[in-house]
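*Asks:* My questions concern the predicted model and sequence given below.
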Number of protein chains: 2
Amino acid sequence: MTEEITYPEYNIHYPLLLKNCLKRPLALYPDDIGVVYRNDAGHYYRFTWRQWQERACRLAQALKALGVNPGKPDQPGDRIGTMSLNHHWHLESIYATTCIGAVSHPINIRLSLDHMAYTITHAEDKILLFDDAVLPLVEALYDRIKSTVQKFVFISGKPGRPKTRIEPLYEYEELLKEQPPAMDWPDFDEDTHAVLYYTTGTTGLPKGALFTHRQLFLQTLYTMGNRFLTPRLPDDPPNPNTIVTMINVPLYHIHAWQAPFANVYAASRIVFPGRFTPQSFCELVETEKVNATAMVPTMLAMLIEYPDFHKYDLSSLTTVGTGGAALPLGLKAKAEKMFPRFTVGSGYGMTETLAGVIGATIKRDMVDWPKEKLDQVRVKTGLPNQAIDVLVRGEDGKPVPQDNETIGEIVLRGHWIMQKYFKDPEKTNAAWRDGWFHTGDAAKVDQDGYIIIVDRITDVIRSGAEMVPTVLLENLTCNADFVLEATYVGVPDEKWGERPMCLARCLPNSEKTEEDLLKFLEREGVETGKLAKWMLPDYIVFCDEIPKTSVGKYDKIAIRKKMEEYVEKAKKLHKK
Amino acid sequence: MTEEITYPEYNIHYPLLLKNCLKRPLALYPDDIGVVYRNDAGHYYRFTWRQWQERACRLAQALKALGVNPGKPDQPGDRIGTMSLNHHWHLESIYATTCIGAVSHPINIRLSLDHMAYTITHAEDKILLFDDAVLPLVEALYDRIKSTVQKFVFISGKPGRPKTRIEPLYEYEELLKEQPPAMDWPDFDEDTHAVLYYTTGTTGLPKGALFTHRQLFLQTLYTMGNRFLTPRLPDDPPNPNTIVTMINVPLYHIHAWQAPFANVYAASRIVFPGRFTPQSFCELVETEKVNATAMVPTMLAMLIEYPDFHKYDLSSLTTVGTGGAALPLGLKAKAEKMFPRFTVGSGYGMTETLAGVIGATIKRDMVDWPKEKLDQVRVKTGLPNQAIDVLVRGEDGKPVPQDNETIGEIVLRGHWIMQKYFKDPEKTNAAWRDGWFHTGDAAKVDQDGYIIIVDRITDVIRSGAEMVPTVLLENLTCNADFVLEATYVGVPDEKWGERPMCLARCLPNSEKTEEDLLKFLEREGVETGKLAKWMLPDYIVFCDEIPKTSVGKYDKIAIRKKMEEYVEKAKKLHKK
């Protein structure tokens, strides 16, 4: 009998690789502007898809010439760290690194020096690419990382070497000049690791989450489909044929919610502000006619306070959303006035889930609902992404009832849930139990099956036998028009175990008192039935700043460390 | 050191299975009507997604009770043949079979009896499901397949057993009653085979093309993304939130161009006409408010001749396309009058490629072009689907130049190219050579990189050293307003090797002559520069019928068999 010769690598096992993201822009729109960067000095860099890809090809070959080795499914390739702002160089380095089979490690430059040094040495970054903006940071880290990092690559728009003791130091643009602009991206196993992200380490040392090409690329494919399947509201403007998107969220922050891959695949024009400032945002929207962007609530708050906001033409923006943290209702009302097309977003994801895995889904039978009713859906955390299995499991291990009350832990499985923490079997085993990834996040499920995040399991305030719905309290509190932001932590209490304390930051010129806030919560919370009376805070502290982690989340560990100080400052309140 | 326990099957290897298509409709729209069938007698069947899925669950368990075994990556599961029209039963059987790991084999009921018997015995179908419409066919086949098929399942909307000698015979609806409506679809390897289709065997015995779950599901995901990424024209109506699609193309024909999977995944409402007739089409569009459908040109021709066409309200149709065969320009003009939203489509796919792999892509910089210019793009075969690598290779093995002239063979690789023919290593090795699947189809590539199909490599007419552009000739010929359809074959010629002969079917009441057609071709082809003079046919035959294969393509083998007869009948023409 004839021996069968087949080519599974070219059919049933044709690999799901990130290089496939590059095919569409190059095949269809090579001469369209693909990537734009505006630096702090207001200088613009613009590249067509062909030009930008040629730069990535040159860098890939330069990395190989510098000795970067690819990985195999069971052995991650060399890690290439990046410490930089959001710009074309950063995007080039992500593709150049991953598409030759090495591992891209975007380093969170807002971590403490200790944690940054830890992630670089733990990741064993062989090469570190960094831009001129972070040179002082790298110099400060140098002694702690120089025995790990073998080569440093300096990114700058200006020619010439900086004065620095960092060595061996290569210049990015010089490396590119030495290499040809074309290469065939190699084929390799889709289970090869592509990226390594560290968590922000709010509860200990940062942990490294590894993802494979297959995971990242499948997430990209699903994202495209979800965009098609999102129901349109009657007054939605048509989708633009060319999406022009500004990536405000740092690329080291869960790949800016998958933006680098989905937007290249879609051949959307990517606009980088370098570092988010109200001015860079407004200027780029106006000059590049940005039509889609997303930001964390903190950025939105900065825009709201920006005095020159009204000087710019931002009418191109048809999609403005937020994510990364719950949007206070007060902030939402202000954002809606500023951006006619602003839509409050909600969702859930973490470093270990690559991107969002739960999203505030509008179903097609809701499209004719009034905006207020829709917004009530939009502020729920949402429904699972169809590619991910999500359970909210109670303490008995079973899914909690859909009663909008019982709290359980969110557990996950699916295509883009991290398999393991890099070099950390203990933490891996603690998270992956019983075939489910345990997020440590607490949630309830409402009558319609929507999941609503309550808090970190460890941050939940337990008063008596009950859990206090922290996020609901936070949102309600921010709805007071004199409050800018607010959070809640539990204060030890002899009788109840814990009682809630509110930390709130008010508008600079506000003359309202803690009692005013309490009255607001009684009126808008208890009297409307949203809160039970026992949920009201026993303590309210007005403060100039609420401690936050490097990604802008309330840092409850830092708050708890200063608990006595806050309690002393707090008003013990007299409720009705 | 702690031993790491990870769950790759729930993260990096979470399988790409067809059961994932069922998640969205069930999670978001369980009580929406999902599947509609109108039978020949005008009776309607309507099922919500939940009801339809419950039926598929019951059938799956019934199949297991009948002894159906799942497969493994290297060993296809039991084959379950279906011989039936397009209806909910057929769709249920495809999901019930594939989602338990067995192989669905939709049998082409328009093949010859010999070829049908061959595919059933070659596939070794363990169970055969068939509907009442094809009972006579199964009876005719019975003696030839009864030693292969172990069990027969009779599908009918009417209760009771038919009078037949076929046995053992089970009734579909009775089987369902015995099973519970719920089951957890099992997890298994994504490389498990899901479907088996046979080619129509125009050049010999039908060949069986096997596809895996991964292949079918990835094709579905890409399809969703492509719908999002298709540029919209300025006057395109908004996409409906609920697509209501009528599946006219038989499910045994390359899974009706992936319709069963993409439409379930998207929770589009699927409307089945059973058997395509102009009446069933028009009535279903009117009653179900069908907004999207596709058909082969033959169906379009039937609608054009349907006298009651104008009696129906077909205004819901916003997307009407054709595929499966080139659309003659004459037919296009008529279709555009009948359907205001008709768009001529083009593309390329074959049984071995699961669905389309080349499509007439409108790029976003073309959206403002006038319709005529756009249509010139739309009738080109098109650009490769981004998931598939496509080359047109000349006889030297290199890609042909983009000169709109040099003809080469289309070769393919990618996610949903068939790995092998079932039980046919010779044919597999003949097709897969050098890491590429050889289609046997001839094409050229124009200056913009668009691929234009010329003919089967074996059907190409070679006149002197040149190849005659058959498809171009066919399209031009059909543009004559008295011609309904036309094809070309090569007539042996001492001097030139071959010379083109045209077979044309004219309008019933036409009084035009062969000379009129030649004059038309001279005027519209040669004088406009579309044709060289030597390409004009030496022979023209007007005939009442042009031989076609079971899928409606011109049967050039049958034509060649009767070559002498045609030549005798033909007019040897005197050209200018």
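*Replies:* The structure has been received and is ready for your questions.

*Asks:* any idea where the helices of the stretch 401-550 of chain A begin and end?
*Replies:* A:425-431, A:470-478, A:514-521 (DSSP state H, counting those that start in this stretch).

*Asks:* These: which one's closest to B:Asp459?
*Replies:* Among these, the nearest to B:Asp459 by CB to CB is helix A:425-431 (59.1 Å). Yep, even glycine has a C-beta here, placed from its N, CA and C like the rest.

*Asks:* Pull out the buried positions in that closest one.
*Replies:* Burial within helix A:425-431, assessed by neighbour count using 16 or more other CB atoms under 10 Å in any protein chain shown, is assigned to A:Lys427, A:Thr428, A:Asn429, A:Ala431.

*Asks:* Residues of the stretch 351-500 of chain A that sit close to chain B?
*Replies:* Contact residues (CB under 8 Å from any CB of the partner chain) of the stretch 351-500 of chain A with chain B: A:361, A:363-365, A:367, A:383-384, A:386-387, A:413-420, A:425-426, A:428-429, A:432, A:435-437, A:449.

*Asks:* Can you flag the buried ones in the residues you listed?
*Replies:* A:361, A:363-364, A:383-384, A:386-387, A:413-420, A:428-429, A:432, A:436-437.

*Asks:* contacting residues for A:Gln447?
*Replies:* Neighbouring residues of A:Gln447 by CB atoms under 8 Å, 6 or more residues apart in numbering or on different chains: A:Gln402, A:Asp403, A:Asn404.

*Asks:* Let's see which of the buried ones among the residues of the stretch 351-500 of chain A next to chain B end up in strands.
*Replies:* A:Leu383, A:Pro384, A:Arg413, A:Gly414, A:Trp432, A:Trp436, A:Phe437 (DSSP state E).

*Asks:* Any idea what the fourth one is bridged to?
*Replies:* Here A:Gly414 sits in beta bridges with A:Ile388, going by DSSP bridges.

*Asks:* returning to that earlier point: among the contacts of A:Gln447, which one lies nearest to A:Val379?
*Replies:* A:Asn404 (13.7 Å).

*Asks:* what's around that closest one, how many residues?
*Replies:* Applying other CB atoms under 10 Å in any protein chain shown, we find 14 other residues in the vicinity of A:Asn404.

*Asks:* so who does it touch?
*Replies:* So A:Asn404 contacts A:Lys444, A:Val445, A:Asp446, A:Gln447, A:Ile452 (CB under 8 Å, 6+ apart).

*Asks:* Just the buried ones out of those, please.
*Replies:* Counted by 16+ other CB under 10 Å, these give A:Lys444, A:Val445, A:Ile452 as buried.

*Asks:* wait, what's in contact with the second one?
*Replies:* When contacts are counted by CB under 8 Å, 6+ apart, A:Val445 touches A:Val392, A:Pro399, A:Val400, A:Pro401, A:Gln402, A:Asp403, A:Asn404, A:Thr406, A:Ile451, A:Ile452.

*Asks:* how close does the nearest residue to it once chain neighbours are set aside get to chain B?
*Replies:* Leaving aside its sequence neighbours, A:Val445 sits nearest to A:Gln402 (CB to CB, 6 or more residues apart in numbering or on different chains; 4.8 Å). For A:Gln402, the distance to chain B equals 13 Å [CB to the nearest CB, to the nearest Å].

*Asks:* right, and A:Gln402 touches A:Asp446 too?
*Replies:* Yes. A:Gln402 is within contact range of A:Asp446, at 6.4 Å (criterion: CB atoms under 8 Å).

*Asks:* Would you mind listing what in the stretch 51-200 of chain A touches chain B?
*Replies:* By CB under 8 Å from any CB, the residues of the stretch 51-200 of chain A that approach chain B are A:Asp191.

*Asks:* Would you pull up the residue in the stretch 51-200 of chain A closest to chain B?
*Replies:* Chain B sits closest to A:Asp191 of the stretch 51-200 of chain A, with a gap of 6.0 Å, by CB to the nearest CB.

*Asks:* any idea what that residue is structurally, helix, strand or coil?
*Replies:* Classification of A:Asp191 by DSSP: H, G, I helix; E, B strand; the rest coil places it in coil.

*Asks:* now do A:Phe188
*Replies:* Classification of A:Phe188 by three-state DSSP places it in coil.

*Asks:* Out of the ones in strands among the buried ones among the residues of the stretch 351-500 of chain A next to chain B, the closest to chain B would be?
*Replies:* Closest approach to chain B among these (CB to the nearest CB): A:Arg413, at 3.8 Å.

*Asks:* re the thing from before, which ones among the contacts of A:Val445 lie within strands?
*Replies:* Counted as lying in strands by DSSP E, out of the contacts of A:Val445, are A:Val392, A:Ile451, A:Ile452.

*Asks:* can you pull out the strands in the stretch 51-200 of chain A?
*Replies:* Remark: strands assigned in the stretch 51-200 of chain A by DSSP state E, counting those that start in this stretch are A:79-83, A:103-106, A:127-131, A:151-155, A:169-171, A:193-198.

*Asks:* can you list the ones you listed in CSV and add mean pLDDT and mean neighbour count?
*Replies:* Formatted as CSV, the strands of the stretch 51-200 of chain A follow (pLDDT from 0 to 100; neighbours: other CB atoms under 10 Å in any protein chain shown):
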stretch, mean pLDDT, mean neighbour count
strand A:79-83, 98, 27
strand A:103-106, 98, 28
strand A:127-131, 98, 25
strand A:151-155, 98, 22
strand A:169-171, 98, 16
strand A:193-198, 96, 26
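
*Asks:* Kindly reformat those as JSON lines and extend each row with distance to A:Ala570.
*Replies:* JSON lines is the format used below for the strands of the stretch 51-200 of chain A (distance: least, CB to CB, whole Å):
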{"stretch": "strand A:79-83", "distance to A:Ala570": "39"}
{"stretch": "strand A:103-106", "distance to A:Ala570": "39"}
{"stretch": "strand A:127-131", "distance to A:Ala570": "43"}
{"stretch": "strand A:151-155", "distance to A:Ala570": "47"}
{"stretch": "strand A:169-171", "distance to A:Ala570": "51"}
{"stretch": "strand A:193-198", "distance to A:Ala570": "34"}
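
*Asks:* of all the ones you listed, which lies closest to A:Glu352?
*Replies:* Comparing the strands of the stretch 51-200 of chain A against A:Glu352 with CB to CB, the closest turns out to be strand A:193-198 (8.7 Å).

*Asks:* Packing partners of that closest one?
*Replies:* Secondary-structure packing of strand A:193-198 (3 or more CB pairs under 8 Å, 6 or more residues apart in numbering or on different chains; DSSP states H and E): helix A:88-98, strand A:103-106, helix A:113-123, strand A:208-212, helix A:213-229, helix A:254-265.

*Asks:* contacts for it?
*Replies:* Contacts for strand A:193-198 (CB under 8 Å, 6+ apart): A:18, A:71, A:76-77, A:79, A:94, A:98, A:103-108, A:111, A:115, A:119, A:122-123, A:206-213, A:215-216, A:252, A:254-255, A:351, A:422.
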